[in-house]
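# Return atomic coordinates for the entry below.
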Amino acid sequence: MTGTSNPGDLPPAVARLWEAAKRGDLATMQAHIDFVVAGVALIVNALWDLDAEERDSAAQAGLFELESVGARPDLARPALEKLATVLRRATGVGPADEAQTESARSALRVARLPEKLAPETRQRLAELAARAGDIGNVYQVTVPDEEWLLAVTADGERVAPIRLGRDAAKLAEPLRW
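Down below sits the predicted model:
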């Protein structure tokens, strides 16, 4: 990363998130995180571990949670506090390199949906998976002892935070709430 410590040099969504974290403004942070994009892969991946008969109800519960976390501060608070701490400790935020960008895309990507989902559940998950697969630029957060990325949504309005694994054996994962 070439790095920048000036939020004015960043896309507005990244700059607003970083500035809000510095102020401890969790409500503004919440407004600039796309929890759906950050979480749909987590939900779909968890479905594969369930019996086929349980998948649809679990998917519906996961969708409800994804759509609720962006609106309910009580659900988002632990994740927001964690990310705020990371961003306050950041010495810079700048464009991610090619490998980091691929790690972000891989963490957010939904490879395929499992069987035994109701048509409306499948359709909604497919729509969200498409949104998650259509992220824009990715930015690296420079912070000691941790690696974080901020993937800008396709509309440029929000970000999906991703924590990188400490080594090649650990995959990158989106922010968990």
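
# Starting from the helix or strand containing Ser57, tell me the next helix or strand along the chain.
Using DSSP states H and E, Ser57 falls within helix 52-69. Downstream of helix 52-69, the first helix or strand assigned by DSSP H and E is helix 73-89.

# Tell me the helices and strands packed up against that following helix.
The elements that helix 73-89 packs onto, with contact taken as 3 or more CB pairs under 8 Å, 6 or more residues apart in numbering; DSSP states H and E, are helix 12-23, helix 26-31, helix 52-69, strand 138-143, strand 146-152. C-beta: built from backbone N, CA, C; applies to glycine.

# how about these, which one is nearest Glu102?
Set against Glu102 and scored by CB to CB, the helices and strands packed on helix 73-89 come closest in strand 138-143, at 9.0 Å.

# Show me how far that closest one is from its chain's centre.
Mean-position distance between strand 138-143 and its chain equals 13 Å (CA atoms, centre = their mean, to the nearest Å).

# Against which helices or strands is that strand packed?
helix 73-89, strand 92-95, helix 98-108, strand 146-152.

# Averaged pLDDT, the helix holding Ser57. What do you get?
Mean pLDDT, helix 52-69: 92.

# now do stretch 88-101
92.

# Also stretch 153-167?
Throughout stretch 153-167, pLDDT has a mean value of 86.
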